[in-house]
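Build the 3D model from these lines:
(2 chains)
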Amino acid sequence: MRWYVARRLAWALVATWLAVTLTFGVLLAAPNPGADAAAAQCASQDRDPEQCRQQYLESRGLDRPAHVQYIDYMTDLAALDFGYSESQEEPVTAAIADAWIYSAQYFVPSIIISVLIGYSIGLYSALNRYTLTDYLGSFVAYFGISIPNFWFAIVLILVVGVYFREASLLGVSLDALSLRTYYETSYGVFTVENAKQLIMPVIVLATASVASQMRYSRAQALEYANADFVKTARAKGASTWRVLVAHVLRVALVPLSTILIVDILAVLFAGSFIIEAIFQIPGLGRLQLEAITQKDTDLVAAVTLIPVFLAIVGNLIQDLAYVLLDPRIDYGDR
Amino acid sequence: MTGPLLEVTDLRTQFHTDEGVVRAVDGVSFDIGRGETVCLVGESGSGKSVTSESITKLIPIPPGEIAGGSIRFDGMELTDLPESDLRDLRGSRIAHVFQNPQETLNPVYRVGRQIAETIRIHEDVGKEAARKRAVDLLDRVGIPDAAERVDDYPHEMSGGMKQRVVIAMALAGRPDLLIADEPTTALDVTIQAQILRLLNDLQAEFDMAILFVTHDLGVVAEVADRVVVMYAGRVMERADVYDLFENPGHPYTQALLACLPGRGDATTAIGGSLPSPTNPPDGCRFHPRCPHAIPDCKSGDQPPLHPVPDPDAVATGAGNPAGTGAGGPPGEPVRAAGPYDDTDGAEEGGWDEVREATVSGHVASCIYYRQGYDATTVRHDDAAADGGSTDQGASGAAGDEEGGGS
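The predicted model follows:
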């Protein structure tokens, strides 16, 4: 077991190195907007734009051969020096330290909510297969999968932020239901105001993710619903709830936990850019987007490392969780 | 309290499938006395497992449905008992043991915990006390070092051990009725014998009745007090175990017995296969495969259960001219009782009377025992097959009849 973990951690280093190298290569090949801006400024002042471009690159060590830059960068990274962010004008670590809390505060609730709701609907659907409620659950799930995040977010803003403000139902103004449509950073994290402004981002993100949780849990529950040990549990006199949670869900958790990690990462990658752009949340997605457009190599590479790290550590934790979830799995002699 | 522990009367269980309604159990009646072992016998797909799982409604509902009949357990009508009351019965007064011990235990829980679960569902017992009882039960079902094996996971045990665990789990509620659905089929022969002996010992100790579902007549001979032979969702014959083996009445039972190694011809098989479950044949469901089938077997409903005369009467019947043997006294009780298994003849008040005449005795659902038919046709074949020296002649005669009937 210890040997297994050690090998997995070694592999994590290799995977991290690969991801960083790829990011570095792509950014090296991309045009540099900072150098372009410097050249344009010089040209407007009747100076030689090429000379200014050179100056700009030289001052940042970007004129050196690619392999020298690469070795330099990797040596710094190995010493856990993540570099300085040009776009944020602060060290990379400081920029990430400021941003992550804004991502986490909508991300964590939406994962919890989507798992709770997704598994509940999934198990209920499995239990009441081919009934109206099952079809309704499937409809909700496919609705969530099919609808693009950005469109759903904009429609929500329109309905909640604009229509509710003006509309009234039976003489009662719906203004109370209207919510902030963009993020205000001045509230503390654990305040009611903050919770209120996070409702919409959480809904948008959870809608996308609840669907897959629901479909997978339904499929897994169905796989075990007719298993002999479930019949045994019923023959013991266990209640439907107990059969479902203690026997069906408990065994289904093994494959479901695999999907959960993949799903969380997918939402983190794809969802956060869009959500943070639309709701103007200064989180990791926005940070990454700004870093990419301004060719802020150090920051892009560091932010890229976050999902890579989560994926690798998440997969390791999940493999170790298998041992707890399913006693038949044992890494002892590997 | 007198009367049988379990009375199943005209049970009908059906499944709604895309291909149509499958009448898996179509008018099955039998009863089980306290402390008695009744075997449900039949080939795969004959409805015996569905019958056993209909009793506490373990069948999946929907698509399954108990469409009719009554199941009385110790005076309670189970067919219209609410689910919560059924749950109280399951695992306490009525326990189940299933076929494949590899699959019947939950792979992620320790065996002790799974036994304790049964105890704690039905009794207000603490964790420690339940665990202690689990150890005692494991010890009782013959698991060595029970105090240590209680913390094993199912995959750490052999098939025979797992089945012992499943039996311990069933005993946890001190059941009055144990429903054992092919409990030895998935085990190898030496383990089979051990499990059968264990069940036998436990039955005496716990004073429980056992409904034993099996297709293995060797097992039947070992454990049964009485036997119910099923075919295609119907009861073909019901008899005391000695009567069944010594004096099988229905051609299907005879064919099953002929398949037993060391009895009749070891290479004998019943030709053909089970009829379509959605569209069973008219008349006797066994007629397409029956060597004695005559045109009368092929129309109408399944023949009602008629009393099968005891061996002495058969001897007399065989000695006398055929007509007298069938039309005489053996036919009388049937007429007095009326058709037992008919769908339309079932009057509420008439059941007890019908039961009196038929349930306890040796009955078969075969037209030859009806008044006006010659029972010796069926009996003679059986007698000849037992005789050994006249084997050739008998099978020749059976072949002739088959040819004439079709």
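
Secondary structure class of the nearest residue to residue B:48 once chain neighbours are set aside, three-state.
The spatial neighbour of residue B:48 that comes closest, neighbours along the chain excluded (Cβ to Cβ, 6 or more residues apart in numbering or on different chains), is residue B:40 at 4.2 Å. C-beta here means a position set from N, CA and C on the backbone, and glycine is covered the same way. Three-state assignment for residue B:40 (DSSP: H, G, I helix; E, B strand; the rest coil): strand.

Spit out the contact partners of the one residue in the stretch 101-250 of chain B that gets nearest to chain A.
As assessed by Cβ to the nearest Cβ, chain A sits closest to residue B:103 within the stretch 101-250 of chain B, at 3.7 Å. Listed by Cβ atoms under 8 Å, 6 or more residues apart in numbering or on different chains, the contact partners of residue B:103 are A:227-229.

Any chance of those in CSV with distance to residue A:120 and secondary structure as columns?
Formatted as CSV, the contacts of residue B:103 follow (distance: Cβ to Cβ, whole Å; DSSP: H, G, I helix; E, B strand; the rest coil):
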residue, distance to residue A:120, secondary structure
A:227, 21, coil
A:228, 25, helix
A:229, 22, helix
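
Compare the residues you listed and tell me which is most surrounded.
Across the contacts of residue B:103, neighbour numbers were computed from other Cβ atoms under 10 Å in any protein chain shown; residue A:229 holds the maximum, 22 neighbours.

pLDDT value on that residue, please?
pLDDT recorded at residue A:229 is 88.

for the residue lying closest to it once chain neighbours are set aside, what are its contacts?
With sequence-adjacent residues excluded and distances taken as Cβ to Cβ, 6+ apart, residue A:229 is closest to residue B:106, at 4.3 Å. By Cβ under 8 Å, 6+ apart, the contact set of residue B:106 is A:229, A:232-233, A:247, A:250-251, B:114, B:154.

tell me which of the residues you listed is nearest to residue B:199?
Taking Cβ to Cβ as the measure, residue B:199 lies nearest residue A:232 of the contacts of residue B:106, at 17.3 Å.

Can you tell me what sits against whichever helix or strand the closest one is part of?
Using DSSP states H and E, the secondary-structure element containing residue A:232 is helix A:228-235. Counting by Cβ under 8 Å, 6+ apart, helix A:228-235 makes contact with A:224, A:242-243, A:246-248, A:251, B:56, B:58, B:90-91, B:95-96, B:98, B:100, B:103-107, B:117, B:166, B:169, all of which sit outside it.

out of the residues you listed, which are buried?
Applying a neighbour-count criterion of 16 or more other Cβ atoms under 10 Å in any protein chain shown, the buried members of those are A:224, A:242-243, A:246-248, A:251, B:56, B:58, B:90-91, B:95-96, B:98, B:100, B:103-107, B:117, B:166, B:169.

The helix or strand where residue B:119 lies packs against which elements?
When secondary structure is defined using DSSP H and E, the element that contains residue B:119 is helix B:111-122. The criterion is 3 or more Cβ pairs under 8 Å, 6 or more residues apart in numbering or on different chains; DSSP states H and E, and the helices and strands that helix B:111-122 contacts are helix B:127-140, helix B:159-171.

if you compare those helices, which one is most tucked away?
helix B:159-171 (a mean of 25; mean count of other Cβ atoms under 10 Å in any protein chain shown).

tell me which of the contacts of residue B:106 is nearest to residue B:287?
residue A:232 (38.4 Å).

For that closest one, give me the pLDDT.
Confidence at residue A:232, expressed as pLDDT, is 88.

Pipe the helices and strands packed on helix B:111-122 into a markdown table and attach mean pLDDT per row.
Below are the helices and strands packed on helix B:111-122 laid out as a markdown table (pLDDT from 0 to 100):
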| stretch | mean pLDDT |
| --- | --- |
| helix B:127-140 | 88 |
| helix B:159-171 | 87 |
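
Dump those helices to CSV, plus distance to residue A:94.
Shown next, in CSV, are those (distance: least, Cβ to Cβ, whole Å):
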stretch, distance to residue A:94
helix B:127-140, 51
helix B:159-171, 59
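
Put together CSV for these, with distance to chain A on each row.
Shown next, in CSV, are those (distance: least, Cβ to the nearest Cβ, whole Å):
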stretch, distance to chain A
helix B:127-140, 13
helix B:159-171, 7
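
Among the ones you listed, single out whichever gets nearest to residue A:125.
Nearest of these to residue A:125, taken as Cβ to Cβ: helix B:159-171 at 30.0 Å.

Select the longest helix from the chain.
Just going to use chain A. Ordering each helix of chain A by length in residues (DSSP state H) puts helix A:92-127 first.

To clarify, I was referring to chain B.
Every helix in chain B considered (DSSP H), the longest is helix B:189-206.

Any part of the helix or strand that comes right after that one near chain A?
Elements were assigned by DSSP H and E; along the chain past helix B:189-206, the next helix or strand is strand B:209-214. No: under the criterion of Cβ under 8 Å from any Cβ of the partner chain, chain A is not reached by strand B:209-214; the shortest gap measures 13.1 Å.

Show me what the helix or strand following strand B:209-214 is packed up against.
Moving toward the C-terminus from strand B:209-214, the first helix or strand encountered (DSSP H and E) is helix B:217-223. In this structure, helix B:217-223 makes packing contacts with strand B:37-41, helix B:189-206, strand B:209-214, helix B:241-246, judged by 3+ Cβ pairs under 8 Å, 6+ apart.

what packs against the shortest one?
Using 3+ Cβ pairs under 8 Å, 6+ apart as the contact criterion, the secondary-structure elements in contact with strand B:37-41 are strand B:20-32, helix B:48-54, strand B:209-214, helix B:217-223, strand B:226-231.

rounded to a whole number, what's the mean pLDDT of the fourth one?
pLDDT averaged over helix B:217-223 equals 86, rounded to a whole number.

and that helix, how far from the chain's centre?
12 Å (Cα atoms, centre = their mean, to the nearest Å).

buried sites along that helix?
Along helix B:217-223, these residues count as buried under the neighbour rule (16+ other Cβ under 10 Å): B:217, B:219-220, B:222-223.

State whether the residue of the stretch 101-250 of chain B closest to chain A is indeed within a helix.
Yes: read with three-state DSSP, residue B:103 is one of the residues of a helix.

quick revisit: may I see the helices and strands packed on helix B:217-223 organised as CSV, with mean neighbour count added?
CSV is the format used below for the helices and strands packed on helix B:217-223 (neighbours: other Cβ atoms under 10 Å in any protein chain shown):
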stretch, mean neighbour count
strand B:37-41, 25
helix B:189-206, 16
strand B:209-214, 25
helix B:241-246, 18
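
among these, which is nearest residue B:31?
strand B:37-41 (7.9 Å).

Show me the strands paired with the closest one, marking each as parallel or antiparallel.
Counting by DSSP bridges, the strands paired with strand B:37-41 are strand B:209-214 (parallel), strand B:226-231 (parallel).
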